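1. Just the structure for this:
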Amino acid sequence: MEASPFLSASQSGRLKEIQLSTDTIVEQQTAGPGTGTAAPQVAGVGRRGQAQETVILETSGLTKRFKGMVAVDDLNLTVRTGEVLGFLGPNGAGKSTTVGMILGLIRPSNGTVRIAGQDLASNAPLVSENIGAIIENPAFYPYMSGRDNLRAHAMAVGNIPDARIDSLLDLVNLSERARHKYKTYSLGMKQRLGIASTLLTDPALVILDEPTNGLDPAGQREIRAIIPRLADQGHGVLLASHMLHEVEQVSDRVIIVRRGKLITEGSVDDLLRRGGYIEIAVPGHDPELAQKAIRPIQHVEQVTIENGKLYVVAPEDIGSALNRALVEQGIYASSIMPKHSTLEDLFLELTDEEVVPA
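-> Below is the predicted model of the structure:
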């Protein structure tokens, strides 16, 4: 059953729809205009070369306990404008609870949430002024077109020109279906319209909680194509998901949580290199002699032999040194190939969880 938006003049230019259940938080918010609050400046460059300058979200020691159970345990994270932070963890890891605390829907047991450099606990309007969020399924009028639904949301937040609506429909690839009724949209189209609604007021931070949940592969691909564009336009994006393939493809940085606790973080490229190795094939030569030749090389941590091939734990840029050492011993490799681990490998290693297929 479709939920209808509730518009109230007393909201003073903000549209917020909140549904809470025991298992999930469903919230859609179109943020009001920003206040220009100064935030910490941190220079950086993302995977696609986009600028990452302003820390828009920072949590410190964030903790939430429910009747003796620790759902979130001393969590520290930051999101900068211009980056996608993948917030990865198995179901029940505390991702939705964390998002609820960031949005001011759940009171932390300990710790702080700072938005645009200010403490959320003493300034609740920070959420509506800086954040656009889509969690689970967005709610719209089923009998209205996609464009008219965005207009209704725009009326609630005020001073949003039609040109902005048209540009957002183009961003989420709904321009050709903008005049069609919402009830005729596929689940993926509804999700994309929800993303457009969160961007009406150009929020500094966009929060997406499991945005591809329940979508078919085509719908998942459409959402994945949109997420990097948000960062390229200067938004910070917090992407909470348990879909490894999704996070690996679109994120600049990743944090992995298990049972509410941060267990690792870093850029996607750095995390993937952690489990990397170099595979060397030396057909026609004794692999044990090859092993002895390359063990003394600087930065080589380990050399093992399996099925006649050598597997070297070392930085991938020492391939020429490996080849030189082998040639000096009269050993000629047919291939020296760097191999990278996947985010799935790292996730399994750190969480001991079964992976949900992408």
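
2. so where does the closest residue to L310 other than its chain neighbours fall, helix or strand?
-> Distances taken as Cβ to Cβ, 6 or more residues apart in numbering put I280 closest to L310, at 4.2 Å, once the chain neighbours are dropped. Where C-beta positions appear, they are placed from N, C-alpha and C, glycine not excepted. Under the criterion of DSSP states H and E, I280 resides in strand 277-281.

3. what lines up beside that strand in the sheet?
-> Strand 277-281 pairs in its sheet with strand 309-313 (antiparallel), strand 335-339 (antiparallel), by DSSP bridges.

4. The next helix or strand after that strand packs against which elements?
-> Heading C-terminal from strand 277-281, the first helix or strand you meet, by DSSP H and E, is helix 287-294. Counting contacts by 3 or more Cβ pairs under 8 Å, 6 or more residues apart in numbering; DSSP states H and E, helix 287-294 is packed against strand 302-306, strand 309-313, helix 319-328.

5. Which among the ones you listed is found nearest to H340?
-> Evaluated with Cβ to Cβ, these place strand 309-313 nearest to H340, the distance being 12.7 Å.

6. In contact with R177, which residues?
-> Neighbouring residues of R177 by Cβ atoms under 8 Å, 6 or more residues apart in numbering: 146, 185, 189.

7. Serialize the residues you listed to TSV and add fields for neighbour count, secondary structure and distance to S167.
-> Converted to TSV, the contacts of R177 look like this (neighbours: other Cβ atoms under 10 Å; DSSP: H, G, I helix; E, B strand; the rest coil; distance: Cβ to Cβ, whole Å):
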residue	neighbour count	secondary structure	distance to S167
G146	27	helix	14
Y185	20	coil	19
M189	19	helix	18
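
8. what's the closest of the residues you listed to D73?
-> M189 (37.8 Å).

9. what sits against the closest one?
-> Shown in contact with M189 (Cβ under 8 Å, 6+ apart): 146, 174, 177.

10. one more time with 7 Å
-> Applying Cβ atoms under 7 Å, 6 or more residues apart in numbering to M189 gives the contacts 174, 177.

11. so where's the stretch 151-300 of the chain uncertain?
-> Along the stretch 151-300 of the chain, the parts satisfying pLDDT under 70 run over 273-275.

12. Strands along that one, start to end?
-> 205-209, 236-241, 253-258, 261-267, 277-281 (DSSP state E, counting those that start in this stretch).

13. who does the second one touch, helix- and strand-wise?
-> In terms of contact count using 3 or more Cβ pairs under 7 Å, 6 or more residues apart in numbering; DSSP states H and E, strand 236-241 is assigned the packing partners strand 55-66, strand 69-80, strand 84-88, strand 205-209, helix 217-232, helix 244-250.

14. quick one: what helix or strand has the residue lying closest to I165 once chain neighbours are set aside in it?
-> In this structure, I165 finds its nearest non-sequential neighbour in L150, 4.8 Å apart by Cβ to Cβ, 6+ apart. Under the criterion of DSSP H and E, L150 resides in helix 146-157.
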